[in-house]
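Novice: fold the following, please.
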Amino acid sequence: MLSISGEYCFLDGQLVPISDLEKGLRFKSRSIYEVIRVIDRVPLFFEEHYVRMQESGRITSTSIPCTSNDLRSQIQ
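Specialist: Residues are numbered from 1 along each chain as shown. Below is the predicted model:
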């Protein structure tokens, strides 16, 4: 199980800490930014966030690299 206690992002389909990214990294493709607040391992308003992320993906022709259940299990 993945323990999350900071800022993370999906990079090439993997959930990685932002601190692991090199400074000045420039994304060569489209990206979607969505923040999900987590308190005591419980993502707040998760379904609303995931639906909004899917809609952003649709609008920008960007695929979402995981299902709702996959993302939720990585957060918890």
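Novice: what residue ranges in this structure score low on pLDDT?
Specialist: 1-6, 12, 20-30 (pLDDT under 70).
Novice: which residue ranges of it form strands?
Specialist: Taking DSSP state E, the strands of the chain run over residues 8-11, 14-17, 38-39, 42-43.
Novice: of those strands, which stretch is the most buried?
Specialist: Mean neighbour count (mean count of other C-beta atoms under 10 Å) peaks for strand 8-11 among those, with a mean of 16. Heads up, the C-betas are built off the backbone N, CA and C, glycines and all.
Novice: restrict it to CA atoms and write it as PDB.
Specialist: Extracted in PDB, the C-alpha atoms of strand 8-11 (Å, rounded to 0.1, in the frame of the first residue of the first chain):
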ATOM      1  CA  TYR A   8       1.900  14.000  -5.300                       C
ATOM      2  CA  CYS A   9       1.100  14.000  -9.000                       C
ATOM      3  CA  PHE A  10       0.600  11.400 -11.700                       C
ATOM      4  CA  LEU A  11       3.600  11.300 -14.100                       C
END
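Novice: same for it, what does it pack against?
Specialist: Strand 8-11 makes packing contacts with strand 14-17 when contacts are defined by 3 or more C-beta pairs under 8 Å, 6 or more residues apart in numbering; DSSP states H and E.
Novice: and the strand it packs on, what other elements does it pack with?
Specialist: If you count contacts as 3+ C-beta pairs under 8 Å, 6+ apart, strand 14-17 packs onto strand 8-11.
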